[in-house]
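> Sequence below, structure please.
(2 chains)
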Amino acid sequence: MSDTAHPTTHGEHGASATTEHAHPGASEYLRIAAILTVITAVEVAVFYIPAMQQWLVPILLVLSAIKFILVVAFYMHLKFDHPTFTWLFVLGLTIAGAIIISLMLLFDAMVRFHQVHSS
Amino acid sequence: MSASATVADEHYTSTGLNNRKMVFWAFLGSECMFFGSLISTYLIYKNHSLNGPYPHEVLNIPLTSLSAFVLLMSSLTMVLALAATQRDNIRSAKIWLAATAGLGCVFIGNQIYEFTHFVTHEGLTLQKNMFGASFFVLTGFHGAHVTVGVIWLTSLLIMAFRGKLSAKNSLDVEIAGLYWHFVDIVWIAIFTLVYLIQ
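Down below sits the predicted model:
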């Protein structure tokens, strides 16, 4: 298995191609996989350590965000591809985040409303 | 269609970007919204069950940790399959594609075991309570996506064995890879939000 970086076969046409970079090699992919494995092990360890329960949610959210970014940036090559692909994905991701936050706030408000009016 | 004809036929948008890749990234953006809705539904409903079983009573962390590891490793094998295809090393590409599909099958097997255990031993079904309904819909849709991915990878593997896969049409592998990695990042979110934060 070659360990050298290689350009994509299907690079973008014309001037836009100047923003695309060669994809990393196998050693880089293996390094990312090792980091992802360690982070997953830490997540599970944090879950089982009673002393960490107070910080469980923020720690797990940060660790999963790091895993998410590593996969998207390196395995999905957004770090190396044209920024338009990143914007397309981030747009969907932002709307998804807005859906999650707004639905949770909406239902939280609805529950509070029912509690106030039922008491 | 020959491999060279495939390359010649590829279309590029006015931005100079490949249209297949561009539309697939837009599709993945829409998939984020789809899973965002399912995840928020789960987060809202999981604590509104009037009767058990409840999440902390049934969720199997060791098993799902193994599934998380399996899916992360399948992302590695997928990206190695793409790298091999781009180098026109089809023999390696076949091995990595088969490994990815195999790891996908292991993940699906774990999920089938988990679902069966919930239904037969824990009494958790779609109709049992709010947690059961939202849990099965969310993880079931993810499992369905993994299944589609395995079928897609198998079709690429068949293409490779028929000599129809080469560096010239590596975009086919790249797009399948994007889908597979997306399924992986959705599991990263589900593993944290559903299993670890109960």
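
> does whatever helix or strand residue A:40 lives in come close to chain B?
In this assignment (DSSP states H and E), residue A:40 forms part of helix A:26-48. Yes - using CB under 8 Å from any CB of the partner chain, helix A:26-48 reaches chain B at A:26, A:29-30, A:32-33, A:36-37, A:40, A:43-44, A:47-48. Using the backbone N, CA and C atoms, a C-beta is placed for each residue, glycine as well.

> Type out the PyMOL command that picks the buried ones from those.
Selection of buried members from the residues of helix A:26-48 next to chain B for PyMOL, criterion 16 or more other CB atoms under 10 Å in any protein chain shown:
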select buried, chain A and resi 26+29+32+33+36+37+40+43+44+47
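
> Between the residues of helix A:26-48 next to chain B, which sits nearest residue B:48?
residue A:47 (23.3 Å; CB to CB).

> Could you pull up the residues touching residue B:69?
A:37, A:40 (CB atoms under 8 Å, 6 or more residues apart in numbering or on different chains).

> burial measure for residue 42, as a count.
Defaulting to chain A. Counted with other CB atoms under 10 Å in any protein chain shown, residues neighbouring residue A:42 total 13.

> ah, no, chain B please
Residue B:42 has 22 neighbours, counted by other CB under 10 Å.

> pLDDT score assigned to residue 14?
No chain in the question, so chain A it is. On the pLDDT scale, residue A:14 is placed at 44.

> My question was about chain B, not that one.
On pLDDT, residue B:14 comes in at 74.

> Can you tell me the element it falls in?
Going by DSSP H and E, residue B:14 is not part of any helix or strand.

> in chain A, what residue is nearest chain B?
Nearest residue of chain A to chain B, counting by CB to the nearest CB: residue A:92, 2.3 Å away.

> what about the residue of chain B at minimum distance from chain A, distance to residue B:139?
Nearest residue of chain B to chain A: residue B:29, at 2.3 Å (CB to the nearest CB). Relative to residue B:139, residue B:29 is positioned 22 Å away (CB to CB, to the nearest Å).

> Where is the longest helix in the chain?
All of this is about chain A. As assigned by DSSP state H, the longest helix anywhere in chain A is helix A:83-118.

> My question was about chain B, not that one.
helix B:130-161.

> Would you mark the buried spots in it?
Neighbour counts using 16+ other CB under 10 Å place B:130-136, B:138-139, B:142-143, B:145-147, B:149-150, B:152-154, B:156-157, B:159-160 of helix B:130-161 among the buried residues.

> And residue B:46, its phi and psi?
Backbone geometry at residue B:46, expressed as degrees, to the nearest 10, gives phi -60, psi -30.

> check contacts around it.
When contacts are counted by CB under 8 Å, 6+ apart, residue B:46 touches B:55, B:130-131, B:134-135.

> picking up where we left off before, what about the residue nearest to the residue of chain A closest to chain B when sequence neighbours are not counted, how many neighbours?
Sequence neighbours aside, residue B:29 is the residue nearest to residue A:92 in space, at 2.3 Å (criterion: CB to CB, 6 or more residues apart in numbering or on different chains). If you count neighbours by other CB under 10 Å, residue B:29 ends up with 20.

> Run through the residues that contact residue B:29.
Applying CB under 8 Å, 6+ apart, the residues near residue B:29 are A:88-89, A:91-93, A:95.

> Can you say which of these are buried?
Among the contacts of residue B:29, those classed as buried by 16+ other CB under 10 Å are A:88-89, A:91-93.

> Dump those to a markdown table, plus pLDDT.
Shown next, in a markdown table, are these (pLDDT from 0 to 100):
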| residue | pLDDT |
| --- | --- |
| A:88 | 92 |
| A:89 | 94 |
| A:91 | 94 |
| A:92 | 93 |
| A:93 | 94 |
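
> mind listing what's buried in stretch B:187-198?
For stretch B:187-198, burial by neighbour count (16+ other CB under 10 Å) applies to B:187-197.

> Can you tell me how far residue A:37 is from residue B:17?
Residue A:37 is 33 Å from residue B:17, by CB to CB.

> what's the answer for residue B:174, then?
Separation of residue B:174 from residue B:17 (CB to CB) stands at 13 Å.

> repeat for residue B:166
Residue B:166 sits 22 Å away from residue B:17, taking CB to CB as the criterion.

> try residue A:76
Relative to residue B:17, and taking CB to CB, residue A:76 is found at 15 Å.

> What is the nearest of the buried residues of stretch B:187-198 to residue B:35?
residue B:189 (7.4 Å).

> center of chain A - which residue?
The centroid of chain A falls nearest to residue A:68 when counting by CA atoms, centre = their mean (2.4 Å).

> wait, that one sits on residue B:191?
No - taking contacts as CB atoms under 8 Å, residue A:68 lies outside contact range of residue B:191: 10.9 Å.

> can you list the residues that contact stretch A:26-44?
Stretch A:26-44 has contacts (CB under 8 Å, 6+ apart) with A:1-3, A:5, A:60, A:63-64, A:66-67, A:70-71, A:74-75, B:61, B:65, B:68-69, B:72-73, B:75-76, B:79-80, B:83, B:191-192, B:196.
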